[in-house]
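K.L.:
Give me a model of this one.
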Amino acid sequence: MRGQNKMKRMRAGQTIVAERERAESESERMQARKKAHRKKTTSVVMALLVMAIIGLVCYIAIKEFSEQHSQVSEKVAEDIRVNAQIVDEDNRGQISVRIKEYIAQLEQDLQDLGYRVTKVTLPTSTSRELYVDLDGQETYFKINTDRGTAVSAEDVKRMIKYLEERDLHPEYVDVRVEGRAYYK
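P.N.:
Numbers count the residues shown, from 1 in each chain. Model (predicted):
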């Protein structure tokens with residue numbers, strides 16, 4: 001039966017030598033396929049290994065940058081000098097570096113205009129608003145931290161002048177909107 005199967009596979013005019021050569025050539029093709037498969041697998045493994053190494057290098061670099069950045073942020077936070085009393089009505093316990101920087105810059109801008117900030121209040125349930133008290137002024141000023149400190153300081157100066165000229169003594173002046181001021 002085995003011989004018959006072999007005979008069936010052989011075509012007319014084909015010799016046993018030709019059959020052996022065909023089998024050997026199939027074997028060579030199989031070996032070439034295996035070799036190509038191993039090469040492809042090796043290439044994929046190498047690519048994954050390279051990607052893992054690059055990922056590790058990036059992770060280390062980001063971690064080092066993050067550590068350096070946090071050290072710089074801590075140093076900047078220590079360097080910020082706010083002379084005014086800061087009152088946190090929400091008792092959050094921690095005032096952000098951004099707010100401290102804003103208050104320090106606002107103090108400087110108002111000082112350049114001849115005013116001294118005595119107290120800054122962070123009102124309840126607001127994140128972008130400050131109430132600023134000035135030395136010698138009964139009125140406090142509502143300021144938005146999204147606006148520049150110099151612009152807000154100029155608006156405060158103009159409103160103080162306006163109120164003095166008209167002998168007005170409001171409870172507060174709202175200078176949160178550029179080009180407009182309200183008092184009550």
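K.L.:
Would you map out the domains in the protein?
P.N.:
Following automatic domain parsing, the chain resolves into domains at 2-74, 85-183.
K.L.:
In TSV, list those along with mean neighbour count and mean pLDDT.
P.N.:
Every C-beta, even on glycine, is put in place using the N, C-alpha and C of the backbone. Written out in TSV, the entries for those read as follows (neighbours: other CB atoms under 10 Å; pLDDT from 0 to 100):
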stretch	mean neighbour count	mean pLDDT
domain 2-74	10	77
domain 85-183	16	89
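K.L.:
Could you verify my assumption that Met159 touches Phe141?
P.N.:
Yes: distance between Met159 and Phe141: 7.4 Å, which falls inside the contact criterion (CB atoms under 8 Å).
K.L.:
residue ranges for the strands of the chain, please.
P.N.:
Taking DSSP state E to define them, one finds strands in the chain at 85-88, 117-122, 129-134, 140-144, 172-174, 182-183.
K.L.:
which other helices and strands contact the third one?
P.N.:
For strand 129-134, the elements it packs on are helix 97-112, strand 117-122, strand 140-144, helix 149-165, judged by 3 or more CB pairs under 8 Å, 6 or more residues apart in numbering; DSSP states H and E.
K.L.:
Tell me the strands beside that strand, with direction?
P.N.:
Listed by DSSP bridges, the sheet partners of strand 129-134 and their directions read strand 117-122 (antiparallel), strand 140-144 (antiparallel).
K.L.:
again, but for the last one
P.N.:
Pairing partners of strand 182-183, with direction, according to DSSP bridges: strand 172-174 (antiparallel).
K.L.:
now the residue nearest to Asp146 when sequence neighbours are not counted: how far from Val82?
P.N.:
When the adjacent residues along the chain are set aside, Asp146 lies closest to Arg128, with 5.5 Å between them (CB to CB, 6 or more residues apart in numbering). The gap separating Arg128 from Val82 is 18 Å, by CB to CB, to the nearest Å.
K.L.:
and if you look at Arg92?
P.N.:
Computed as CB to CB, the Arg92 to Val82 distance reads 16 Å.
K.L.:
Show me what Arg119 is bridged to.
P.N.:
Residue 119: Lys, not Arg. Counting by DSSP bridges, Lys119 forms beta bridges with Gln85, Asp133.
K.L.:
Contacts only, for Glu165.
P.N.:
By CB atoms under 8 Å, 6 or more residues apart in numbering, Glu165 lies in contact with nothing.
K.L.:
what does Tyr162 give?
P.N.:
Applying CB under 8 Å, 6+ apart to Tyr162 gives the contacts 168, 181.
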